[in-house]
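S.K.: generate a structure from the sequence data that follows.
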Amino acid sequence: MSEAEFHARVVLGLERAARKLGGDRPVAAAMDLSTKQIGNIKRGASTDPKRLFDLNQKCPGVLDDVADAYGVRIVPKDAVCTSDVRTSSALVTLLAKVIDAEADGSIDHVELLAMEPELRTVRAILDRKLSRIGGLKAVA
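M.R.: Prediction:
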């Protein structure tokens, strides 16, 4: 990818962030820059990669266009991929246990206790997802 293509992708991210955050002012604040400096970047100036990552913390996805060009994704360190065998296994096992337990119309205490490990794993997954959703709603 050329410098010009890279820069164009950075600008796409900046413009998307400005739409999400309500203009160039909050983008500039997240990057510890002035709005004039943001304008300069949009017109061709470069910026410190740290500032882009700072903005990505405030507005996740701002670097998606750049990452996509390199065939990678930027995800939170604690992200759990649903193709992760441990995650999928917990979800599938819990579902199977719930279906088996409810087959007779109710879940008894033995069946419920047997679900605890998977329930806790799935709860942690859901808590992370809900936390991320809360963060996205706060930005929107």
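
S.K.: elements contacting the single longest helix found in the chain?
M.R.: For the chain, the longest helix by residue count, based on DSSP state H, is helix 109-139. Applying 3 or more CB pairs under 8 Å, 6 or more residues apart in numbering; DSSP states H and E, one finds that helix 109-139 contacts helix 85-102. C-beta coordinates here come from the backbone N, C-alpha and C atoms, glycine included.

S.K.: the residue of the chain positioned farthest from its centre and residue 98, how far apart?
M.R.: Here the chain reaches farthest from its C-alpha mean at residue 104, the gap being 40.0 Å by CA atoms, centre = their mean. To residue 98, residue 104 is 13 Å away according to CB to CB, to the nearest Å.

S.K.: burial count for the spatially closest residue to residue 97 that is not a sequence neighbour?
M.R.: Once flanking residues are discounted, residue 97 sits nearest to residue 115: 4.9 Å by CB to CB, 6 or more residues apart in numbering. Look at residue 115: counted by other CB atoms under 10 Å, it has 17 neighbours.

S.K.: my guess is residue 115 contacts residue 100. True?
M.R.: No: under the criterion of CB atoms under 8 Å, residue 115 is not in contact with residue 100, lying 9.9 Å apart.

S.K.: which SS state does the residue farthest from the centre of the chain fall under?
M.R.: coil (DSSP: H, G, I helix; E, B strand; the rest coil).

S.K.: for this structure, give me the ranges with low pLDDT.
M.R.: 80-87, 139-140 (pLDDT under 70).

S.K.: please repeat the previous calculation with a cut-off of 80.
M.R.: 77-88, 138-140 (pLDDT under 80).

S.K.: which residues does residue 135 contact?
M.R.: Listed by CB atoms under 8 Å, 6 or more residues apart in numbering, the contact partners of residue 135 are residue 60.

S.K.: relative to residue 22, how far out is the residue farthest from the centre of the chain?
M.R.: 54 Å.

S.K.: any buried residues in stretch 44-64, and which?
M.R.: 47, 51-52, 54-56, 58-60, 62-64 (16 or more other CB atoms under 10 Å).

S.K.: start and end of that stretch, how far apart?
M.R.: 19 Å (CA to CA, to the nearest Å).
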